[in-house]
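A.B. asks: here is my input, please return the structure:
(one chain, ligands or ions: 1)
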Amino acid sequence: MAAQSALREKPIGVFDSGIGGLTVVRALRELLPNESIFYLGDTARVPYGGKSAPTVERYSLEITAMLLAEDCKTVVVACNTASALALPQLEATTPVPITGVIRPGAQAAVGATRNGHIGVIGTRATIKSGAYERALLALDPAVRISARACPLFVPLIEEGWLQGEITDQIVRQYLAPLVADGVDTLVLGCTHYPLLREAIGQFLGDTVRLVDSAQNCATAVAHLLEKKDLRADPGSSGQLAVALTDPPDAFLDVALKALQLEIGEVQLREVIHLTR
Ligand code: DGL
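C.D. replies: Here you go, the predicted structure:
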């Protein structure tokens, strides 16, 4: 009993290849303000989106081991690329419950579509993995899917170009074929993309519904904590700690401003290399 109540007060561990996963932290803070969060961004090795599956798997296992060393009660893979490529290995090897972003996003998309045609955008590695297709078809075998990698979105967002002419042109270039295909729902399958929500929404108008993997992931974490009796006491004041594997660059300020997120001093952590 006492052991379980001590466990409930431990932090939720959240990781991403870099800073983008703070979109998930923001959603978690809104939904679960009593929970403490330990966020770990692998900024020394970002981006994951153009790397091979074995490399993303290894990085994800290493970062998860670091979150376990911080005594996290659960791990949230706030990175679509890591969720797409490494979730089965993480689930098989990690002693605490794991939540990725793919399944919650797929569930929300299947619930949102009216014409059964869903668009998915993400990094090259996420799209190449076919993870969203598998998750969507497992939920509804009749659904049609148009998927597209948008590799320029991440550097654009990291540069802070969330609005403007060039951003609009790139958004149009990537998304026009999906609109022409007839999608009525679009999954923002990368943790960075919620920061482009306005530009994407402006191009798509009201006819296409946007599914934000951050919000849906937070909802899935809330359900998981409830189910496993891991919810922090309602009287707890949730703390947020942010650690990175390399000192922050200007994108941290861009993200914090866009997300209106307050963090204390950023901590630095050395990557724990697992022997293979
Ligand atoms: N966090 C990654 C994702 O959600 C995007 C950045 C990267 O390529 O590492 O897919």
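
A.B. asks: flag the helix or strand of this protein with the lowest per-element mean pLDDT.
C.D. replies: helix 2-8 (a mean of 88; mean pLDDT, DSSP states H and E).

A.B. asks: need the residues of this structure near the ligand, please.
C.D. replies: Neighbours of the ligand within the chain, by C-beta under 6 Å from any ligand atom: 16-18, 20, 46-49, 79-81, 122-123, 126, 154, 190-192. In short, each C-beta sits where N, CA and C put it, glycine included.

A.B. asks: what's the closest non-adjacent residue to whichever residue of the chain sits closest to the ligand?
C.D. replies: Closest to the ligand within the chain is Gly49: 2.6 Å, counting by C-beta to the nearest ligand atom. Sequence neighbours aside, Thr123 is the residue nearest to Gly49 in space, at 2.7 Å (criterion: C-beta to C-beta, 6 or more residues apart in numbering).

A.B. asks: now do Trp161
C.D. replies: Thr167 (5.1 Å).

A.B. asks: ok so the one you found is a strand residue?
C.D. replies: No. Applying DSSP: H, G, I helix; E, B strand; the rest coil, one finds Thr167 to be helix, outside a strand.

A.B. asks: what count of nearby residues applies to it?
C.D. replies: 22 (other C-beta atoms under 10 Å).

A.B. asks: do the one 4 residues further on as well
C.D. replies: The local packing of Val171 (other C-beta under 10 Å) involves 21 other residues.

A.B. asks: same question for the one 5 residues further on.
C.D. replies: One way to gauge burial is a neighbour count; for Ala176, by other C-beta under 10 Å, it gives 11.

A.B. asks: from Ile200, how far out is it?
C.D. replies: Here the criterion is C-beta to C-beta, to the nearest Å. By it, Ala176 lies 12 Å from Ile200.

A.B. asks: how about Phe15, phi and psi?
C.D. replies: With angles defined as degrees, to the nearest 10, Phe15 sits at phi -130, psi 160.

A.B. asks: let me see the contact set for it.
C.D. replies: 21, 39-42, 60, 63-64, 67, 75-79, 82 (C-beta atoms under 8 Å, 6 or more residues apart in numbering).

A.B. asks: narrow the residues you listed to those in strands?
C.D. replies: Tyr39, Leu40, Gly41, Val75, Val76, Val77 (DSSP state E).

A.B. asks: what about the strands in the stretch 101-250 of the chain?
C.D. replies: With DSSP state E, counting those that start in this stretch, the ranges of strands along the stretch 101-250 of the chain come out as 117-122, 144-149, 185-189, 209-212, 240-244.

A.B. asks: quick one: closest of those to Asp71.
C.D. replies: strand 240-244 (11.7 Å; C-beta to C-beta).

A.B. asks: packing partners of that closest one?
C.D. replies: helix 22-31, strand 37-41, strand 267-268 (3 or more C-beta pairs under 8 Å, 6 or more residues apart in numbering; DSSP states H and E).

A.B. asks: for the residue nearest to Gln89 when sequence neighbours are not counted, what are its contacts?
C.D. replies: Leaving out its chain neighbours, the residue that sits closest to Gln89 by C-beta to C-beta, 6+ apart is Glu57, at 5.4 Å. Contacts for Glu57 (C-beta under 8 Å, 6+ apart) come out as Leu85, Ala86, Gln89.

A.B. asks: Ala53 and Ala125 touch, don't they?
C.D. replies: Yes. Counting by C-beta atoms under 8 Å, Ala53 touches Ala125, with 7.3 Å between them.

A.B. asks: who touches both of these two?
C.D. replies: What both Ala53 and Ala125 touch, as defined by C-beta under 8 Å, 6+ apart, is the set Leu85.

A.B. asks: between the two, which one's more packed in?
C.D. replies: Comparing Ala53 with Ala125 by neighbour count (other C-beta under 10 Å), the higher total belongs to Ala125, at 24 against 14.

A.B. asks: residue contacts, the more buried one?
C.D. replies: Contacts of Ala125 by C-beta under 8 Å, 6+ apart are Tyr48, Gly49, Gly50, Lys51, Ser52, Ala53, Val56, Thr81, Ala84, Leu85.

A.B. asks: buried subset of those residues?
C.D. replies: Tyr48, Gly49, Lys51, Val56, Thr81, Ala84, Leu85 (16 or more other C-beta atoms under 10 Å).
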